[in-house]
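> got a structure for you, letters missing:
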């Protein structure tokens, strides 16, 4: 009898344990953070290596032969248009101008005398006092003397121009270079001795870079649209300098070269950047980041919401019942922390950002709004005591 009761008790214990096992608590839904899919116009950006160059560059040359007398500028300084840079010995050219003026005065006097003689000969010819030949000779002499006076005037102008060339001035506002000739050097046109210095206009400054044929064909429509109005194109181009810093001023497209370089399959593009402080100088290398295409009403999601799996890109959405669905997408350009996506998704859909690796298709999840990470404030420089 006791054995029977013990067996019944054992069976009851086993049954109770089985019931307790079936009544184990259900795990709560996975917690994820979601954000609505955004819609906005996005510019597709590309980056190239660019070379900076002056807006205008000039070699300042000697136009007349003579000895260099003065250098009237500081090398590397900014000068205004018309500023005197060098002077060449003027004395030979002043003498040449004086001689030309004297020759001109003499030829004018001769022409005036010939004209008076012609008027007298004309009266005598009309009264049949002189012959046709005598009249023709007087007429031709007067015309020749008038032409000689004009030639003498041209010699005066030439002498004056040469004298003016003795003062070498800046052709535009810009920064001067190192002097190539020293005081006392014999300089003149032709050969390397004619180069006195160089100048560059640095505000604005050019950034020249080359893009491929495919990039040009993709960007041509946008560049033409921005330049079609005839007004200054918008400043949309960034410049990153060799030290890694970003130039604070944005630039704009200036022009595209006339033809593709058949050797490289690329075409030169030039952008202009303001350069009031003259920080940028010709010859600097920089990274140029410019828009090449504009996407209208593009769909954007946080980059953290995109999962790559076996070469495919996926995002996970939740519906009104918080049920997860996973869809494939194609990626477009990025815009800051956001990623352009193309697929069966529309603006306003809730995309999973945090916890996306735990959310499985068909799973019910708990959702919270996604909060983007705060941008850290720039560190303040310590003041020197």
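Good, I have the coordinates. Treat the numbers as computed from the prediction; the structure is a model and nothing was measured.

> residue ranges for the helices of this structure, please.
With DSSP state H as the criterion, the chain has helices at 2-22, 91-126, 132-165, 213-227.

> weakest of those in terms of mean pLDDT?
Ranked on mean pLDDT, the bottom entry among the helices of the chain is helix 2-22, at a mean of 50.

> list the contacts of residue 35.
When the contact criterion is C-beta atoms under 8 Å, 6 or more residues apart in numbering, the partners of residue 35 are 301, 302, 305, 350, 351, 353, 369, 370. Where C-beta positions appear, they are placed from N, C-alpha and C, glycine not excepted.

> tally of neighbours for residue 55?
19 (other C-beta atoms under 10 Å).

> pull out the buried residues from stretch 117-133.
Within stretch 117-133, the residues that count as buried by 16 or more other C-beta atoms under 10 Å are 118, 121, 125, 130.

> now do the end-to-end distance for it.
In stretch 117-133, first residue to last residue: 15 Å (C-alpha to C-alpha, to the nearest Å).

> over to stretch 343-361?
17 Å.

> from start to finish, how long is stretch 121-131 in a straight line?
End-to-end span of stretch 121-131 (C-alpha to C-alpha): 10 Å.

> go on, stretch 251-271?
6 Å.

> how's this structure carved up into domains?
As assigned by automatic domain parsing, the chain contains the domains 30-41+296-369, 46-54+205-295, 62-88+166-199, 91-165.

> tell me if I'm right that residue 338 and residue 303 touch.
Yes: here residue 338 reaches residue 303: they are 6.9 Å apart, a contact under C-beta atoms under 8 Å.

> rewinding a little: tabulate the helices of the chain (a markdown table), appending distance to residue 184.
Formatted as a markdown table, those follow (distance: least, C-beta to C-beta, whole Å):
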| stretch | distance to residue 184 |
| --- | --- |
| helix 2-22 | 109 |
| helix 91-126 | 15 |
| helix 132-165 | 18 |
| helix 213-227 | 51 |
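
> nearest to residue 78, out of those?
Closest to residue 78 of the helices of the chain, according to C-beta to C-beta: helix 132-165, at 23.9 Å.

> quick one: the closest one to helix 91-126, angle?
Orientation of helix 132-165 against helix 91-126 (axes from the mean of the first three to the mean of the last three C-alpha atoms, to 10 degrees) gives an angle of 160 degrees.

> what's helix 132-165 packed up against?
helix 91-126 (3 or more C-beta pairs under 8 Å, 6 or more residues apart in numbering; DSSP states H and E).

> and the helix it packs on, what does it pack onto?
So helix 91-126, by 3+ C-beta pairs under 8 Å, 6+ apart, packs with helix 132-165.

> list the residues that contact the residue lying closest to residue 212 once chain neighbours are set aside.
Distance criterion C-beta to C-beta, 6 or more residues apart in numbering; nearest residue to residue 212, sequence neighbours excluded, is residue 266 at 5.5 Å. Under the criterion of C-beta under 8 Å, 6+ apart, the contact list for residue 266 reads 210, 211, 212, 213, 260.

> what residues are up against the last one?
Think residue 260. Contacts of residue 260 by C-beta under 8 Å, 6+ apart are 213, 216, 266, 267.

> ok so, going back, looking at residue 338 and residue 303 now, which is surrounded by more residues?
Remark: of residue 338 and residue 303, residue 338 carries more neighbours, 19 against 14, as counted by other C-beta under 10 Å.

> distance of that one relative to residue 87?
Taking C-beta to C-beta, to the nearest Å as the measure, residue 338 falls 62 Å from residue 87.

> kindly report the same for residue 275.
30 Å.

> next one: residue 289
Plainly put, residue 289 is 47 Å away from residue 87 if you go by C-beta to C-beta.

> for the chain, which element, helix or strand, carries the lowest mean pLDDT?
Least confident helix or strand of the chain, by mean pLDDT, DSSP states H and E, is helix 2-22 with a mean of 50.

> re the thing from before, so which of the helices of the chain gets nearest residue 60?
Short answer: helix 132-165, nearest of the helices of the chain by C-beta to C-beta, at 11.8 Å.

> go through that closest one and flag the buried ones.
Neighbour counts over helix 132-165 (16+ other C-beta under 10 Å) mark 135, 138-139, 141-142, 145-146, 148-149, 152-153, 155-156, 159, 162-163, 165 as buried.

> next, the angle from the longest strand anywhere in the chain to helix 213-227.
Using DSSP state E to define each element, the chain has its longest strand at strand 38-61. With the same axes, to 10 degrees defining the directions, strand 38-61 sits at 90 degrees from helix 213-227.

> and strand 38-61, what does it pack against?
strand 174-176, strand 195-212, strand 285-302, strand 324-335.

> what strands flank the last one, and is each parallel or antiparallel?
With DSSP bridges as the criterion, the sheet partners recorded for strand 324-335 are strand 312-318 (antiparallel), strand 338-343 (antiparallel).

> list the buried ones in the last one?
Taking 16+ other C-beta under 10 Å as the neighbour-count basis, strand 338-343 is seen to contain the buried residues 338, 339, 340, 341.
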